[in-house]
Structure formats: C-alpha cells, structure tokens
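[1] A predicted structure for the sequence below; I have some questions about it.
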Amino acid sequence: MGRAFEFRKARKMKRWSAMAKTFTRIGKDIVMAVKEGGPNPESNSRLRAVIQNAKAANMPKENVERAIKKASDKDSANFKEVLFEGYAPHGIAILIETATDNNNRTVANIRSYFNKCNGTLGTQGSVEFMFDHTCNFRIPSEGQDVEELELEMIDFGVEEIFADEDGILMYAPFESFGAIQKELETRGLEILSSGFERIPQITKELTAEQVADVEKLLEKIEEDDDVMNVYHTMQE
C-alpha cells in the first residue's frame, strides 16, 4: 500500500468527528461552487461533487437546498480560498486551507495561534512543496475488481487505489480530478464522495511531549470557523 493509504488510515482515526464543523465546511463549499458555476448541479461539476459529499456526511437535504438557494442570491457573501503555511514547534510543517469572507480577520487569527503556541507563520511557498496535492474519489465496491479498475483508471491519472469497509478509494494528482469525475460518471458508477487532500511527502516522529505541543496548536487552528483543512508533517 502507498502513502495515500497510510495517510487515510491515520486521518480516519483522528478528529473531524464534529458534525457541525463538517456541515459548515460543506456549506462553504456549496457557496463557492454556486458562485463559480451556477446553482444547477447538472451543469456544475464542482457543485455535483459537493452535493455527493453532503450526502456522504448525512447532511440533511433541506440544508443543502437552503445553502444553494442562499448562494444563488447575488448579495450573499462569497468565500475566498486562502492557504496559510508555517511551522509548529519541533520543526513540524503545517499547511492550512481556509475559506474566508474576511481575509484580515483570518490572517490575524491564524497568526495569533502560531504566536501563542511557539510556532511560526511562514511566507507563501515555505512549506507547500512538502505536500503532494491530491484528489480522491470513493465508489461502492460491489461488483468491482480493484486490480482491474486500477488498470483501467491509470489512463485518467489514478495512482493509488484500495478498498476498505466503506468502498473503493482512488487517489490521483489534484489536476486529474475533472478527467476522473467525468470517466466515473460516463461509466455510470456512483461517486459516494470526492475531495482533495495534501499528503506529506515525509513525516517526522516526535516524543509524546513534543506531540502534545504540536496538538495544542493544531487544535486551536482546527477550531477556527474559517479553517477548512489542516495538514502537517508529524507522524500520526
């Protein structure tokens, strides 16, 4: 199994149990998708993907419809995606994806978390290169031969594919998202969920005390409403 498998296994055991946070993130994804490509999922592939993710997260259908309607209002706030990079204590690189309607607030908040926890907020490009930007798709495993599917999907950019109790998961470079989504839809395969992740190229092992220092910063960052995802190079 490759790095995506190990990354997914470690991440699955971690937080993101806060359902409210998940719904908030999906709500922002809906707004950004609608603002970019309109409210019709038939013609908006990004929105289509977000709706699938909402379903996978058990987000009520009326919440999804309400978010689409709200986003369609031209006076509603749009969110800008901003990436923050920095270092936690003990040389752990941190990459933070945010979606914000007030960049000044977000910058001030993120900087304060780093300052309070002995970290350093870095400049653009300071740690991003340490992570592979990937896309992923989950489909049902019924009636699928993983090895055969892998051979067929290599042409569309899939680099890693594996099955777990929730279905079949495929990973590819970020830029392959559109081609894979289109191919899966053409084949009539149900996409249970899809998304993007940044997988660290190398991770660093820390002592229990050092892990606690890093966790303190990660928790502060993850609690922020503007934060969508946090990635780091600490070994899980």
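    Nice, thanks for sending it over.
[2] Point out where the chain drops to low pLDDT.
    For the chain, the stretches flagged by pLDDT under 70 are 1, 9-20.
[3] what about residue 236, how many residues close to it?
    When neighbours are defined as other C-beta atoms under 10 Å, residue 236 has 12 of them. Any C-beta I mention is one placed from the backbone N, CA and C, and that applies to glycine too.
[4] Residue 4 too?
    A count of neighbours around residue 4, defined by other C-beta under 10 Å, yields 21.
[5] next one: residue 156
    Using other C-beta under 10 Å: residue 156 sits among 16 other residues.
[6] Am I right that it is in contact with residue 176?
    Yes. Using C-beta atoms under 8 Å, residue 156 is in contact with residue 176, at 6.4 Å.
[7] Could you list the domains of the protein?
    Listed domain ranges for the chain are 17-72, 80-129+201-232, 130-199 (source: the TED database).
[8] what about these, which gets the closest to residue 3?
    Comparing the domains of the chain against residue 3 with C-beta to C-beta, the closest turns out to be domain 130-199 (5.7 Å).
[9] re earlier: want to try TSV for the domains of the chain, with distance to residue 2 as columns?
    TSV is the format used below for these (distance: least, C-beta to C-beta, whole Å):
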stretch	distance to residue 2
domain 17-72	23
domain 80-129+201-232	12
domain 130-199	5
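[10] Select, out of the ones you listed, the one closest to residue 4.
    Of the domains of the chain, the one closest to residue 4 (C-beta to C-beta) turns out to be domain 130-199, at 3.9 Å.
[11] Give the buried residues for the longest helix seen in the chain.
    Ranked by residue count and defined by DSSP state H, the top helix of the chain is helix 19-37. Across helix 19-37, burial judged by 16 or more other C-beta atoms under 10 Å covers 21-35.
[12] Do I have it right that residue 166 meets residue 138?
    Yes. Counting by C-beta under 8 Å, residue 138 is a contact partner of residue 166 at 6.6 Å.
[13] Which neighbours do these two have in common?
    residue 192 (C-beta atoms under 8 Å, 6 or more residues apart in numbering).
[14] out of those two, which sits in the busier spot?
    Shown here are residue 166 and residue 138; by other C-beta under 10 Å, residue 138 has more neighbours (20 against 13).
[15] Okay, now the sheet partners of the helix or strand containing that one, with direction.
    Taking DSSP states H and E as the definition, one finds residue 138 inside strand 131-139. Applying DSSP bridges, strand 131-139 is found paired with strand 167-173 (antiparallel), strand 193-200 (antiparallel).
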